[in-house]
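Novice: sequence and computational prediction follow.
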Amino acid sequence: MEKIVSLCKRKGFIFQSAEIYGGLNGCWDYGPLGAELKRNLKEYWWRKNVQEREDIVGLDGSILTHQEVLKASGHVGGFSDPMCDCLLSKARLRADQIEPQSGTVHWYSGASHEESGWSVEKNFAVLLQEGQDENKAKKTARQYYAQFLTDKQISPKKIELTADRTEEVTDSTDFNPENGSLLTEPRSFNLMFKTQMGASADENDPKATAYLRPETAQTIFVQFKNVLDSNRIKLPFGIAQIGKSFRNEINPRNFTFRSREFEQMEIEFFCSGEDGLRLTDEWLEERLKFYEEIGIPRDKLHILDVPDGERAHYSKKTYDIEYEFPFGIQELEGVAYRTDHDLKAHQDGHDDAKGSGKSMEYFDAEAKEKFIPHVVEPSAGCDRTVLALICEAYDEETITNDKGKEETRVVLRFAPRMAPTKVAILPLVKNKPELVAKAREVQSMLTPFMNVFYDETAAIGRRYRRQDEVGTPYCVTIDFETLGEEEGKEDLKDTVTLRERDSMKQERIAIADLRNFLLEKIH
RNA sequence: GCGGGUAUAGCUUAGUGGUAAAGCUCCAGCCUUCCAAGCUGGCUACGUGGGUUCGAUUCCCACUACCCGCUCCA
């Protein structure tokens, strides 16, 4: 993984955000090649899912989100569970799920070790249930204070405790039921980014509160009616969206995999309740096919059929599509059958939100019935897929050069349709003006159709390797045959050497055929 | 959030209580007729902030970021 992170920086795929200021936790910037790669992914997704389908339309919603939207969706309130940490075992517990306990609390104010002169002043407490020996409290407290010992050779048993007081409590949730250890104060984790609307808004004015959306999906649900009314479209149909979302991840990790700002590619495919389960399976297949097309083979993907109890309560079926990243098998996309939960919530609300009160019903003219549509949601992580593309493409090859010396060739084997640069145009040498001029000519011929890179510096072999390292699938070399000046090879006039990245094979191709050849490969 | 590790040039590393070395890359020039050739020259670094010290990149503390293992992930 470190090699990949290093290559990404070295070649301009991905940089740490605000690196010159020390970096911004969990944020990343795409450099020139990363930006091309990501565009290629998004454009291909959009083309396949929106432009080439009659039953899906696009949407590009605002990132700033009305607080009522996220109350109705359950993101405000419902998912900001207060958590406590056990001071002893460091286990994290949900405050609302701690079983209340009664008993005697033994408070301590610190501990010391006479021989070494070590001491610590920190409050700690242990809850003893009726019938438990006081020695248990002491043992637990010694274990707690032992973690502050500077000399790990000292046995916890030798620690002197400073007893403070005892206290009787009933139905307390301040202690870990597992070991009686004191817990930290409950802290709430609201994973959404909150902001104030209006330049002069008071920070404390609750009406000014807005959120950066934590998922693109809610925009789609909220605009469901408008899309339906403006597009002469019939169920089943989908609304697709690509866009940024934001979550205050507790622990961003694994390069760009878990970022606080990330891009999603989502479809909400609306249907009747009878079709939900079948469409979920169909979408799973559809999505697997997509990954194959962008160069992520089926055998590197794992399908997790999320079991009962682990799915969201409203979901009747959820598949996670996972990829074998170098740091583990991790989710790329979720395909979830969310029933009519979302539209219903935005229509009627629920216990903690009033909803919009606007009808989300669909009228089926044939069956002459009104109902709230169900929805199947294939939701893909764009940045995660980019990372998967890079991980999958990365390869090191040991090759023996002309001098019999072994060397390593680093090559990114991107599918041509994903590759940031499609073709490099290289004059064989740069000190022959005719070659350079011809190369420039070929470059301008191809530029309107694809991302072309021109390079005339250094030896030809080095230039090939540079292109390998950034995954350019084809190199075109303009040589003396191209000019028709080679004796006995006049028929090679206006042909070039086409060198393929993976095999390093070279073939002759007419300049006139170049465009169509390449377009077919990268489409 | 916890524990462990790391932080020196674009990259990979060396090194020192008296401001630092190398390889590769990159740039310029010369040369070069198909897989990282050669020659010459050049740019660029001790993560941030404190402390100790005459002096800190080096020792100490804090912070930040990244990596690994837990934890978490609507």
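Specialist: Nice, thanks for sending it over.
Novice: wait, A:T209 touches A:G198, no?
Specialist: No - taking contacts as Cβ atoms under 8 Å, A:T209 lies outside contact range of A:G198: 10.6 Å. In short, each C-beta sits where N, CA and C put it, glycine included.
Novice: okay, and the beta partners of the closest residue to A:F517 other than its chain neighbours?
Specialist: In space, not counting the residues next to it along the chain, A:F517 is nearest to A:I509; the distance is 6.4 Å by Cβ to Cβ, 6 or more residues apart in numbering. Following DSSP bridges, A:I509 is listed with bridge partners A:V496.
Novice: surely A:K521 touches A:Y474?
Specialist: Yes - look at A:K521 against A:Y474 with Cβ under 8 Å: they come within range, at 7.5 Å.
Novice: any residues in contact with both of the two?
Specialist: A:P416 (Cβ atoms under 8 Å, 6 or more residues apart in numbering).
Novice: these two: who's more crowded?
Specialist: Remark: of A:K521 and A:Y474, A:Y474 carries more neighbours, 23 against 17, as counted by other Cβ atoms under 10 Å.
Novice: where does the more buried one land on pLDDT?
Specialist: A:Y474 carries a pLDDT score of 96 in this model.
Novice: show me the contacts for the nearest residue in space to it that is not next to it in sequence.
Specialist: Once flanking residues are discounted, A:Y474 sits nearest to A:V423: 4.6 Å by Cβ to Cβ, 6+ apart. By Cβ under 8 Å, 6+ apart, the contact set of A:V423 is A:L446, A:M450, A:V452, A:F453, A:T472, A:P473, A:Y474, A:C475, A:V476, A:L518.
Novice: now check stretch A:181-200, is it near RNA strand B?
Specialist: Yes - legend: contact between stretch A:181-200 and RNA strand B by Cβ under 7 Å from any atom of the strand is shown at A:L191, A:M192.
Novice: excluding its backbone neighbours, what's nearest the residue nearest the centre of chain A?
Specialist: For chain A, A:R384 is the residue whose C-alpha lies nearest the centre (Cα atoms, centre = their mean; 3.8 Å). Once flanking residues are discounted, A:R384 sits nearest to A:L332: 5.3 Å by Cβ to Cβ, 6+ apart.
Novice: which stretches of the stretch 201-350 of chain A form strands?
Specialist: A:209-212, A:237-246, A:261-271, A:301-305, A:317-325, A:328-337 (DSSP state E, counting those that start in this stretch).
Novice: other residues contacting the fourth one?
Specialist: Just to be clear, that refers to strand A:301-305. Taking Cβ under 8 Å, 6+ apart as the rule, strand A:301-305 contacts A:284, A:288, A:291, A:317-324, A:329, A:331-332.
Novice: now with 7 Å, please.
Specialist: With contact meaning Cβ atoms under 7 Å, 6 or more residues apart in numbering, strand A:301-305 is reached by A:L284, A:L288, A:Y291, A:Y319, A:D320, A:I321, A:E322, A:Y323, A:I329.
Novice: could those residues be laid out in CSV, adding pLDDT, distance to RNA strand B and neighbour count?
Specialist: Formatted as CSV, the contacts of strand A:301-305 follow (pLDDT from 0 to 100; distance: Cβ to the nearest atom of the strand, whole Å; neighbours: other Cβ atoms under 10 Å):
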residue, pLDDT, distance to RNA strand B, neighbour count
A:L284, 96, 18, 19
A:L288, 96, 21, 18
A:Y291, 96, 20, 22
A:Y319, 95, 14, 21
A:D320, 94, 10, 18
A:I321, 95, 14, 22
A:E322, 94, 11, 19
A:Y323, 93, 15, 22
A:I329, 89, 11, 13
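Novice: nearest to A:A353 among those?
Specialist: A:D320 (27.8 Å; Cβ to Cβ).
Novice: output the longest helix belonging to chain A.
Specialist: helix A:276-293 (DSSP state H).
Novice: that one versus strand A:317-325: what angle between them?
Specialist: Here helix A:276-293 runs at an angle of 20 degrees relative to strand A:317-325 (axes from the mean of the first three to the mean of the last three Cα atoms, to 10 degrees).
Novice: packing partners for helix A:276-293?
Specialist: If you count contacts as 3 or more Cβ pairs under 7 Å, 6 or more residues apart in numbering; DSSP states H and E, helix A:276-293 packs onto strand A:261-271, strand A:301-305, strand A:317-325, strand A:328-337, strand A:374-381.
Novice: list the strands paired with the first one, with their directions.
Specialist: Right, the one you point to is strand A:261-271. Taking DSSP bridges as the criterion, strand A:261-271 forms sheet pairs with strand A:237-246 (antiparallel), strand A:374-381 (antiparallel).
Novice: got it, and the shortest one?
Specialist: In the sheet containing strand A:301-305, the strands it pairs with under DSSP bridges are strand A:317-325 (antiparallel).
Novice: can you list contacts of the partner strand?
Specialist: Here strand A:317-325 has contacts from A:257, A:277, A:280, A:284, A:287-288, A:296, A:300-306, A:311, A:329-337, A:388, A:391, using Cβ under 7 Å, 6+ apart.
Novice: what about burial for those residues, which qualify?
Specialist: Among the contacts of strand A:317-325, those buried by neighbour count (16 or more other Cβ atoms under 10 Å) are A:257, A:280, A:284, A:287-288, A:296, A:301, A:306, A:311, A:330-337, A:388, A:391.
Novice: about what we covered before: between A:T209 and A:G198, which one's more packed in?
Specialist: Neighbour comparison, A:T209 and A:G198: the larger count goes to A:T209, with 17 against 10 (by other Cβ under 10 Å).
Novice: and the pLDDT for that one?
Specialist: For A:T209, the predicted pLDDT is 89.
Novice: wait, A:D55 sits on A:L235?
Specialist: No - here A:D55 lies out of contact with A:L235, judged by Cβ atoms under 7 Å, at a distance of 9.3 Å.
Novice: more crowded one of the two?
Specialist: Neighbour count, other Cβ under 10 Å: between A:D55 and A:L235, A:L235 has more, with 17 against 12.
Novice: got a list of what the more buried one touches?
Specialist: By Cβ under 7 Å, 6+ apart, the neighbours of A:L235 are A:F270, A:C271, A:S272, A:Y362, A:D364, A:P373.
Novice: buried among those? Make that a ChimeraX selection.
Specialist: Per 16+ other Cβ under 10 Å, the buried members of the contacts of A:L235 correspond to this ChimeraX selection:
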select /A:270,271,272,362,373
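Novice: and the residue of chain A closest to RNA strand B?
Specialist: Residue nearest to RNA strand B within chain A (Cβ to the nearest atom of the strand): A:G461, separated by 2.2 Å.
Novice: where does that residue fall, phi/psi-wise?
Specialist: Main-chain torsions, A:G461, degrees, to the nearest 10: phi -60, psi -40.
Novice: what's around it, how many residues?
Specialist: With other Cβ under 10 Å as criterion, A:G461 counts 10.
Novice: before we move on, what about A:I509?
Specialist: Neighbours of A:I509 (other Cβ under 10 Å): 16.
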